[in-house]
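1. coordinates only, no sequence provided:
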């Protein structure tokens, strides 16, 4: 797997129903990548740790 945008990744692994939902979760501060707050455009790659609090 290559690197991809965080909002696309959250949607592709079905943590959110839509990409706009994933982007909103990122903008709301509910998603971290490698212990840093992440924007929807943050790039994720194999080996990155993604933590999301979604409800």
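-> Thanks, I have it. The model shown is predicted, which means the values in this text are computed figures rather than measured ones. Residues are numbered from 1 along each chain as shown.
2. distance check, residue 4 against residue 55.
-> 24 Å (Cβ to Cβ, to the nearest Å). Just so you know, the C-beta spots here come from the backbone N, C-alpha and C atoms, and that holds for glycine as well.
3. confidence score at residue 54?
-> Residue 54 carries a pLDDT score of 89 in this model.
4. scan the chain for its longest helix.
-> Identified as the longest helix of the chain according to DSSP state H is helix 19-27.
5. tell me the mean pLDDT for that helix?
-> The pLDDT scores in helix 19-27 average 97.
6. neighbouring contacts of that helix?
-> 6-8, 10-11, 15-16, 31, 38-40, 42, 52, 54 (Cβ atoms under 8 Å, 6 or more residues apart in numbering).
7. quick one: mean pLDDT for the helix or strand just after it?
-> Next along the chain after helix 19-27, taking DSSP states H and E as the criterion, comes strand 31-33. Mean pLDDT, computed over strand 31-33, is 98.
8. list buried residues within the contacts of helix 19-27.
-> 6-7, 10-11, 16, 31, 38, 40, 42, 52 (16 or more other Cβ atoms under 10 Å).
9. let's see which of the residues you listed end up in strands.
-> Those of the buried ones among the contacts of helix 19-27 mapping onto strands are 31, 52, per DSSP state E.
10. and the buried ones among the contacts of helix 19-27 as TSV, adding distance to residue 22?
-> Compiled in TSV, the buried ones among the contacts of helix 19-27 are given as follows (distance: Cβ to Cβ, whole Å):
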residue	distance to residue 22
6	7
7	4
10	4
11	5
16	4
31	8
38	11
40	7
42	11
52	9
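11. what number of residues lie near residue 50?
-> 16 (other Cβ atoms under 10 Å).
12. surely it touches residue 36?
-> No. The pair residue 50 and residue 36 fails to qualify as a contact (Cβ atoms under 8 Å) at a distance of 10.9 Å.
13. thanks a lot, see you next time.
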